[in-house]
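Undergrad: Next come a sequence and a model predicted from it.
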Amino acid sequence: MTEARQNIIKRLQKDILGWQGFAPPSAAEKKGIGLGPIEDAFPNGIFPTGNIHEMLCAEKEQAAATSGLMMGILSVLMKNNGACIWISTGRKFFPPSAHHFGVAAHRLVFIDTQRERDTLWVMEEALKCEGVAAVIAEVNELSFAQSRRLQLVVETSKVTGFVLRSDMRKLSTTTCVARWQVNPLPSQTEGDLPGVGFPRWQVELLRVRNGLPGTWQLSWSNHGFTWAAEQDLETQYTDVQLQVG
């Protein structure tokens, strides 16, 4: 392949990533939102805002762990006094717990719906509001067509959306930027102190658009996220291939 063709391909890849919301940060821009090595799994090493994230929550424990992780992310996304809209047919989140992650509970707006199709409709309308920091919806299923409608909206509004899926029996392909699964881990106390430590999770990126899936251990403290990188075999295998090549 000639150098001219390689330059054309690189330029096209850069343009496509930019259209998908993966623009490289400027030199003066602070990188990331505190997720450390997890962000390196995304193109340009940036957590993709202005996209739809799919969160798998088949069990109650996973739903609780996912809520904790999202609160940590929201503590950054909502720094500019933005609000978060949370939509569901059966609310499970305990609002006062948001304070542990630096999120003011009064900036969380809960909308209760009667039917799941209403939940997705409300989410689509909420994502059109550019003054909202994020929108979260709890649903059983999400089809490709439904995810495409949501993605088209955020490409204009640049609002970040999270879809919490509880039914894994019909796990179809979607246009979401990433598919996450979060499991709780035993907390760790400092030294020999008794009691319960800070929250810890095993965070798994099952699918990442234009990125590398992987698994990491993540925890939350008063200072934000802390982590211990634990990449999966797929990422390690990719690294070996690059070294051999």
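TA: Good, I have the coordinates. Numbers count the residues shown, from 1 in each chain.
Undergrad: Checking residue 34 next. Helix, strand or coil?
TA: coil (DSSP: H, G, I helix; E, B strand; the rest coil).
Undergrad: so what pLDDT did it get?
TA: Looking at residue 34, its pLDDT is 88.
Undergrad: So residue 138 sits against residue 119, correct?
TA: Yes - between residue 138 and residue 119 there is a contact under CB atoms under 8 Å: 7.0 Å. From N, CA and C alone the C-beta is placed, and that goes for glycine too.
Undergrad: Which neighbours do those two have in common?
TA: 87-89 (CB atoms under 8 Å, 6 or more residues apart in numbering).
Undergrad: tell me which element the residue most central in space within the chain is part of?
TA: Geometric centre of the chain, nearest residue: residue 53, 5.0 Å, by CA atoms, centre = their mean. Secondary structure from DSSP states H and E places residue 53 in strand 52-56.
Undergrad: Report the contact partners of the residue nearest to the centre of the chain.
TA: Residues near residue 53 by CB under 8 Å, 6+ apart: 160-163, 176-178, 180.
Undergrad: what about the strands in the chain?
TA: 52-56, 83-88, 108-112, 132-139, 160-165, 178-188, 198-208, 214-221, 224-229 (DSSP state E).
Undergrad: Might you calculate how far the fourth one sits from the centre of the chain?
TA: Counting by CA atoms, centre = their mean, to the nearest Å, strand 132-139 is centred 11 Å from the centre of its parent chain.
Undergrad: tell me the mean pLDDT over that strand?
TA: Per-residue pLDDT over strand 132-139 has a mean of 95.
Undergrad: Let's see that strand as PDB, backbone CA atoms only.
TA: Provided in PDB are the C-alpha atoms of strand 132-139 (Å, rounded to 0.1, in the frame of the first residue of the first chain):
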ATOM      1  CA  VAL A 132     -29.800  17.900  30.300                       C
ATOM      2  CA  ALA A 133     -26.500  16.200  31.300                       C
ATOM      3  CA  ALA A 134     -27.800  12.600  31.000                       C
ATOM      4  CA  VAL A 135     -30.900  10.500  30.600                       C
ATOM      5  CA  ILE A 136     -31.300   7.000  32.100                       C
ATOM      6  CA  ALA A 137     -34.100   4.500  31.200                       C
ATOM      7  CA  GLU A 138     -34.900   1.100  32.700                       C
ATOM      8  CA  VAL A 139     -36.300  -1.300  30.100                       C
END
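Undergrad: before we move on, back to that, out of residue 138 and residue 119, which sits in the busier spot?
TA: Neighbour tally, residue 138 and residue 119, criterion other CB atoms under 10 Å: the higher count belongs to residue 138, 25 against 21.
Undergrad: Identify the spatial nearest neighbour of the more buried one, chain neighbours not counted.
TA: Counting by CB to CB, 6 or more residues apart in numbering, residue 88 is the residue found nearest to residue 138 once chain neighbours are left out, at 3.7 Å.
Undergrad: Look up the residues forming beta bridges with that neighbour.
TA: Going by DSSP bridges, residue 88 is paired in beta bridges with residue 112.
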